[in-house]
Structures are given as structure tokens and as C-alpha cells.
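>>> need a structure here:
(2 chains)
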Amino acid sequence: MPVELGIFAFGVGVGIFSAYLGLGGGLLVVPFLTLVLNLPAKVAVGTSLLTVITTSTGAAQEYLKSGRADVRLGIVLELFTTTGALAGGLAAVLLSEKSVFAAFGLLLVVVAFQMLRSKERADFNERASIGAYRNWGWGAGVSSLAGVLSGVLGVGGGVLKIPAMNLIMKVPLAVAFATSNLMIGVTATAGALVYFSRGDIDLPTAAPLVLGTALGAFLGAKTVHRVPTRWLRLAFVFVLLLVAFKMLLKGLK
Amino acid sequence: MSGLAEKWAQKVLEIGLFAALFAIGLGFALQLAKVSAPAVILKTGFWILLATPSLRVVTLMVAFFRQKEKKFAWVAGGVLLILIAGSLIERL
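Here you go, the predicted structure:
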């Protein structure tokens, strides 16, 4: 089997998982590209950002259709996530390969614990208008950080934005989730532009990855209601911790 | 779906993603079939992918202006400026 088909198959898996668990995919793509395909960390991050744009765009248009994503909240916070992502993408040059691995490993541990504690997402129907949101300053600060995280590590940054919007800004969880997703497309684009300009994107690898992820996300969205997400979540936490261990090992060796 | 802004943004994302995946898919299939495909097809696909979220911001800006939500239109313009700055980095 040509390696491209293997990458495509992995992409399909990532897409399905992302749809089931509401993730952007970067958390799995960067470790795959570095640990399995042995790409340099920076190229893996740049390439991952393209996958993240794909999953976010696909999901965001669904969230816009259902009216769950708040475009006004999104556009305001995007000022900060895009600035952060540009800064993060530029600053990534200064980071060593090892520190990217270590930071990514730490991020995975944080996400794993967050997933253990979080509730199921399916049953949220609350809505709120932009006037009801509070603590915009904090929201802006955390959004900037999420942008930096996206630019440096090739992830969406939902791990920071969703809790910040929900707990600090008092945005209903379902709206926070959908809006974070909407923002990720633009945020990852800002980061990807920097990696593109440096040539840190592997297009031959990105093509099957992006196509596979898109197909997987589509299949996942169609079947998500038939899957026991609780067990899937636990299995995923296990995988995350395992990958975190490998990434940390590579970062600290 | 609520307003004009949401409707337009959704359409832009839908069409952009479809066009990008089509071009990337075509480029990838030709490459797999070992046809000497011009790399430009694949590249175009990725540029459409990168342009899609930015076009969504442009669309929101126009929709907010039309809906007389000037404040949000200006914010969208700001986001657009940051993205333009990002795309100019290459030329530095």
C-alpha cells in the first residue's frame, strides 16, 4: 500500500474521532506526523493546521446552519486569536524541536484530564445573546493565548477557549463550543500563513490527510448519535495519555 | 438559521470547502494514478482552503454593514487586516 493511502486512512480515523468527540484533530495529527512519519515538529505543526482548518470549516458551517455559533462573539474574539496565532507562528522559529514536543505532551495531558471531567455535549439547548456575556477582557486574554497555542502547536485551541467562554464569559456551553469551532478556521489560517511562508508545510502529506479527515468528519457526523460517546471518551483519554507520554519522552530526552 | 450574516457565512464556508476539497482531491488522484499532474492543482486547492475562512470574514463584514451593525463590521475589518498582514509575511 502506498504511504499516501495509509495517511488517508489515518485521516479518515481522525475525522471520525473528531466528529464524535468534538475535536479539531490537531491533537492526533501532530503526534502522527512526528512519531510515525518522522516529519520535523515544525512541518508537522504547519501541516496539521491545514487539517484543523478543514475540520473546523466543515463543522462550523453546520453550527451556523443550526444557529448555535455566535458570529458576533466569534468575530470579536477572532481579533485576539488571529493576533495570537500570527505571533505564535512567528515565535515558533525560536523554539527548539524538543520544546515543541514537551509542550505538546503537556497539552495532551491537560486535554486528557479535561475530557475526563467534562460532561456529554449532546443535550445542551441553551441560548444567550451577546449582551449577556461578561468579562470580555478575560475572554480576549485567553483567546490570545489560545491563538498562540494554535500557532505554536498546530491545534485549534478549543481546550482554552471553550472553558473560558463558558466559565468566565458566561456563554452557554453549546454556544461556546460552536463559536470556538467557528473561530478555529480563521485562527488556524493566520498560523498556517506563517508556516506557508517559511515552507514548513508538507503538501504531499497534507493532501491525503485533509481529504481523509474531511471524509471521516462527514461519516462521523452521520453516525455520531449511534455511538456510546462515554466509552469512546474514556478510550480516547487513554490514547491521549499514551501519546502524551511518548511526546514528553521525546521532548525531555 | 438566524440572520443574513449567519446565512452568508455558512454558504461561503460550504462552497469554499467543497471547491478546496475538489481541487485537492483531483490533484491527489492524478498524483496517485502517476499522471504527471501539474502541482498547481494541489496548490490551488490549498489556497482555496486557506482563503475560505478569510472570505467568511469578508462576508460577515459586508453582512454586518448591511444590517447596520457598524461596530461588528469594523471588528470584522480588523480581523481581515490581521489576516492580510499574515499573508504579507512571505514578502518580508
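
>>> get me the contact residues on the stretch 101-250 of chain A for chain B.
The stretch 101-250 of chain A has residues A:185-186, A:188-190, A:192-194, A:196-197, A:203-204, A:206-208, A:210-211, A:214 near chain B, with proximity defined as CB under 8 Å from any CB of the partner chain. For glycine as for every other residue, the C-beta is placed from the backbone atoms N, C-alpha and C.

>>> which stretches in the chain count as helices?
By default, I'm working from chain A. Assigned by DSSP state H, the helices in chain A fall at A:3-21, A:26-31, A:41-65, A:71-91, A:97-117, A:136-153, A:158-163, A:173-198, A:203-223, A:229-252.

>>> oops, I was thinking of chain B
Under the criterion DSSP H, chain B contains helices at B:4-32, B:39-66, B:70-88.

>>> which among the ones you listed is found nearest to A:Pro40?
Among the helices of chain B, helix B:39-66 comes nearest to A:Pro40, with 19.3 Å by CB to CB.

>>> would you list the helices of chain B in a markdown table and tack on mean pLDDT, mean neighbour count and distance to chain A?
Shown next, in a markdown table, are the helices of chain B (pLDDT from 0 to 100; neighbours: other CB atoms under 10 Å in any protein chain shown; distance: least, CB to the nearest CB, whole Å):
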| stretch | mean pLDDT | mean neighbour count | distance to chain A |
| --- | --- | --- | --- |
| helix B:4-32 | 94 | 20 | 4 |
| helix B:39-66 | 95 | 20 | 4 |
| helix B:70-88 | 95 | 18 | 4 |
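
>>> will you turn the ones you listed into a markdown table that also has distance to A:Ala41?
Below are the helices of chain B laid out as a markdown table (distance: least, CB to CB, whole Å):
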| stretch | distance to A:Ala41 |
| --- | --- |
| helix B:4-32 | 24 |
| helix B:39-66 | 21 |
| helix B:70-88 | 21 |
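
>>> okay, now the residue nearest to A:Ala192 when sequence neighbours are not counted: neighbour count?
Nearest non-adjacent residue to A:Ala192, counting by CB to CB, 6 or more residues apart in numbering or on different chains: A:Leu49, 4.1 Å away. A:Leu49 has 37 neighbouring residues, counting by other CB atoms under 10 Å in any protein chain shown.

>>> so who does A:Leu49 touch?
Contact partners of A:Leu49, counting by CB atoms under 8 Å, 6 or more residues apart in numbering or on different chains, are A:Gly26, A:Ser150, A:Gly154, A:Ala188, A:Thr189, A:Gly191, A:Ala192, A:Tyr195, A:Ile201.

>>> what of A:Ala164?
Residues in contact with A:Ala164, defined by CB under 8 Å, 6+ apart, are A:Trp138, A:Gly139, A:Val142, A:Ser143, A:Ala146.

>>> which ones are touching the residue nearest to the spatial centre of chain B?
Nearest to the mean C-alpha position of chain B, counting by CA atoms, centre = their mean, stands B:Thr52 at 1.3 Å. Listed by CB under 8 Å, 6+ apart, the contact set of B:Thr52 reads A:Ile53, A:Thr57, A:Gly185, B:Val12, B:Leu13, B:Gly16, B:Leu17, B:Ala20.

>>> surely the fifth one meets A:Gln61?
Pointing back at B:Leu13 there. Yes. In this structure, B:Leu13 is within contact of A:Gln61 by CB atoms under 8 Å, at 3.9 Å.

>>> same list (the contacts of A:Ala164) but as TSV, adding distance to A:Leu248, neighbour count and pLDDT.
TSV is the format used below for those (distance: CB to CB, whole Å; neighbours: other CB atoms under 10 Å in any protein chain shown; pLDDT from 0 to 100):
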residue	distance to A:Leu248	neighbour count	pLDDT
A:Trp138	30	14	95
A:Gly139	30	22	95
A:Val142	24	23	96
A:Ser143	27	29	96
A:Ala146	22	29	95
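
>>> and which of those residues is nearest B:Val57?
B:Val57 lies nearest to A:Ser143 out of the contacts of A:Ala164, by CB to CB, at 15.3 Å.

>>> pLDDT weak spots in chain A?
Scanning chain A for pLDDT under 70 picks out A:1, A:119-128.

>>> what residue is smack in the middle of it?
Of all residues in chain A, the one closest to the mean position by CA atoms, centre = their mean is A:Gly156, 2.9 Å from it.

>>> what sits closest to that one if chain neighbours are left out?
Among residues not flanking A:Gly156 along the chain, A:Gly24 sits closest, at 3.4 Å (CB to CB, 6+ apart).

>>> what's around the one you found, how many residues?
A:Gly24 has 31 neighbours, counted by other CB under 10 Å.

>>> just A:Leu252 next, same as before
The criterion is other CB under 10 Å. On that basis, A:Leu252 has 10 neighbouring residues.
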